[in-house]
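Participant: sharing a model that was predicted from the sequence below.
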Amino acid sequence: MGTPEDLPHTLVPGRLGAAAVTFFALAATAPIAVLIAVVPAAYATGGGPLVPLAFVVLGVVLILFTAGYSAMARRAPFAGALSTYVTRGLGRPAGTGAAWLAIASYQAIQLGIYGLAGAAAAPLLRSWFDVRADWWAVAAACWLLVALCGTIRAEIGGGLMAFLVLAEAAVAAGFTAANAIDPAGGELTRGSILPASLSEVDMPVLGMLLAMGVLAFAGFETAGAYAEESIRPRRDPGLATYAAVAVFAVLLAAASWSLSAAAGADRITGLARDRGPEVLFDLAAERLAPWAVTLGRLMLLTGLFAALLALHHTIARYLFALGRERVLPAGLGRTSRRTRAPRAASWTQSAVAALLLAAAAAGGVADPPLTGRRLVIAGGLGVLVLLTATSVAALLHLNRVPDGEGAWVRFTAPALSTVALGALTFLAFRDLHELFGVPGSSPLRWIVPTAAAAVAALGVLHALVLRGVRPVTYAGIGQGGVPVVVTPLALPAAPGEYPPMATPREPHAHPPTATPREPGAHPPTATPREPGAHRPERVNR
């Protein structure tokens, strides 16, 4: 095997620690953007003290999911992340459909954030430069920065993410502390923490809060896309995912509770309906100096940029993984010889984003912030479907091919997360019109689910075509670019008899030291197996 410089299809390992991967995942969730856009909307529905509790409950659910997710990441530490895990558990067609859905979902979220960035920059440009800029001009500037930063070395990107996320978290924590120190009426009340009685809990509202909240977590699962570049590829993605979920849940629960404490439990609903995303800044302006509020607005813009860049890196790695496996054009699977970043995939993603932004600008979007929020919700719904599919895949694969995991990781946690995520997916699609803020008869209620199903179905069809036309490529789906085909040893045939047909099979369901290799490189020596061995990983799945 050659050196990394000889392998243009390989991401260099050992460049990112668990902390750096955590910052990438946290950046993709955009905590301060969620605090400004999602939390006020949740309070406006009448959620009251259920809003912070919902983030805690969702944190527990996603910790359960992460148990199976980290076990799958340990077995398949490849850039394909969710699509690879779905492939291992549900088969190659489902895995390819998951890859298509993942790319489309992250693309929708990124496009929506471009619209939100235009709205976030408007007050800063007016106050600092007395300039009124159209949303597409701000989006174009953000796109240029993202395109330039998309091909930098992974460790430099990790450092940039750490700086942006820590600054974002520090401002959010400062606003939270100011609200808690100076609550409405001069004292903290029980009503801002817990409902007076269980009879006051509105179950439909609670269901919508949970659906809304789980969409806000979209992005934490991107840690797996950096497995190949991690110092410990079989451990760091799982640890980073646990950390991202815990930090995000605690930060959002505390910050959302502080808004209720600062406004008063009896006033927060009305204030959220009247002021919307400005609630955070209005309450901060009553307690902090003007420069602190301006800093908060700046951190919103930088937080959105961090999310754009993190999503760009994630999409580029999915495209890279599919290109390396020859599911998409092989050119996407090449890396830069200087930075070892997936340059071709990065530039491709930048070109696609530019075309979408140009189309949106030419179409004349009437309300960019509203359209941006709806795109983020639509992408989040796709991610939620992927999480549910990944949880099912983990439950099946870990029990079908056990490898030392205990009953909790192998069965209990994936089973509980499958039920919980399935319920949340049902609630999200049931309350889709409420999430979008449209009447129940709006076409958005069926357009979004239909579009997601169509994208996934196209991916499945793509895999089925590959199975018939390019079976070796099909055999390599989910294998990190190495289609391993093993021909079992057959006994010599007697004179006049035909030897038994050999069936291509993978040598291991979970190779102990599987590392991505350039297609065409010598695969590891495989031990011949008798026909029928390892049926869960057979090629015709």
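Facilitator: The structure has been received and is ready for your questions. Numbering: from 1, shown residues only.
Participant: pLDDT score for Leu124?
Facilitator: At Leu124, the pLDDT value in this model is 86.
Participant: which of the three states applies to it?
Facilitator: Secondary structure assignment for Leu124 (DSSP: H, G, I helix; E, B strand; the rest coil): helix.
Participant: which residue is nearest the centroid of the protein?
Facilitator: Gly219 (3.1 Å; Cα atoms, centre = their mean).
Participant: separation between that one and Gly186?
Facilitator: 38 Å (Cβ to Cβ, to the nearest Å). Just so you know, the C-beta spots here come from the backbone N, C-alpha and C atoms, and that holds for glycine as well.
Participant: burial measure for Glu187, as a count.
Facilitator: Glu187 has 7 neighbours, counted by other Cβ atoms under 10 Å.
Participant: so where is the stretch 401-541 of the chain shaky, pLDDT-wise?
Facilitator: 482-541 (pLDDT under 70).
Participant: got it, and the stretch 201-350 of the chain?
Facilitator: 201-202.
Participant: 90 instead?
Facilitator: 201-209, 264-266, 276-277, 335-341 (pLDDT under 90).
Participant: all helices of it, in order?
Facilitator: 203-216, 236-263, 268-275, 279-285, 290-324, 343-363 (DSSP state H, counting those that start in this stretch).
Participant: and of these, who's closest to Arg75?
Facilitator: Nearest to Arg75, of all the helices of the stretch 201-350 of the chain, is helix 236-263, at 10.8 Å by Cβ to Cβ.
Participant: what's the angle between the closest one and helix 268-275?
Facilitator: 100 degrees (axes from the mean of the first three to the mean of the last three Cα atoms, to 10 degrees).
Participant: how far off centre is helix 236-263?
Facilitator: Mean C-alpha position of helix 236-263 versus that of the full chain (Cα atoms, centre = their mean, to the nearest Å) differs by 16 Å.
Participant: contacting residues around the residue nearest to the centre of the chain?
Facilitator: Ala25, Leu26, Ala27, Ala28, Thr29, Ala30, Ile109, Ala307, Ala310, Leu311, Val383 (Cβ atoms under 8 Å, 6 or more residues apart in numbering).
Participant: now do Ser346
Facilitator: With the criterion set at Cβ under 8 Å, 6+ apart, Ser346 makes contact with Ala147, Gly150, Thr151, His312, Ala316.
Participant: Tyr226 now?
Facilitator: Here Tyr226 is in contact with Leu16, Ala20, Val21, Phe24, Ala79, Ala154, Asp236, Pro237, Ala240, His313, Arg317 (criterion: Cβ under 8 Å, 6+ apart).
Participant: do the same with Pro402
Facilitator: Counted by Cβ under 8 Å, 6+ apart, Pro402 has contacts Arg410.
Participant: state the three-state secondary structure for it.
Facilitator: coil.
Participant: so where do the helices sit in the stretch 351-500 of the chain?
Facilitator: Under DSSP H, counting those that start in this stretch, the stretch 351-500 of the chain gives helices at 368-400, 407, 413-430, 432-436, 444-469, 471-475.
Participant: reformat these as a markdown table; add mean neighbour count and distance to Leu283.
Facilitator: Formatted as a markdown table, the helices of the stretch 351-500 of the chain follow (neighbours: other Cβ atoms under 10 Å; distance: least, Cβ to Cβ, whole Å):
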| stretch | mean neighbour count | distance to Leu283 |
| --- | --- | --- |
| helix 368-400 | 23 | 20 |
| helix 407 | 9 | 47 |
| helix 413-430 | 20 | 29 |
| helix 432-436 | 19 | 25 |
| helix 444-469 | 16 | 32 |
| helix 471-475 | 19 | 56 |
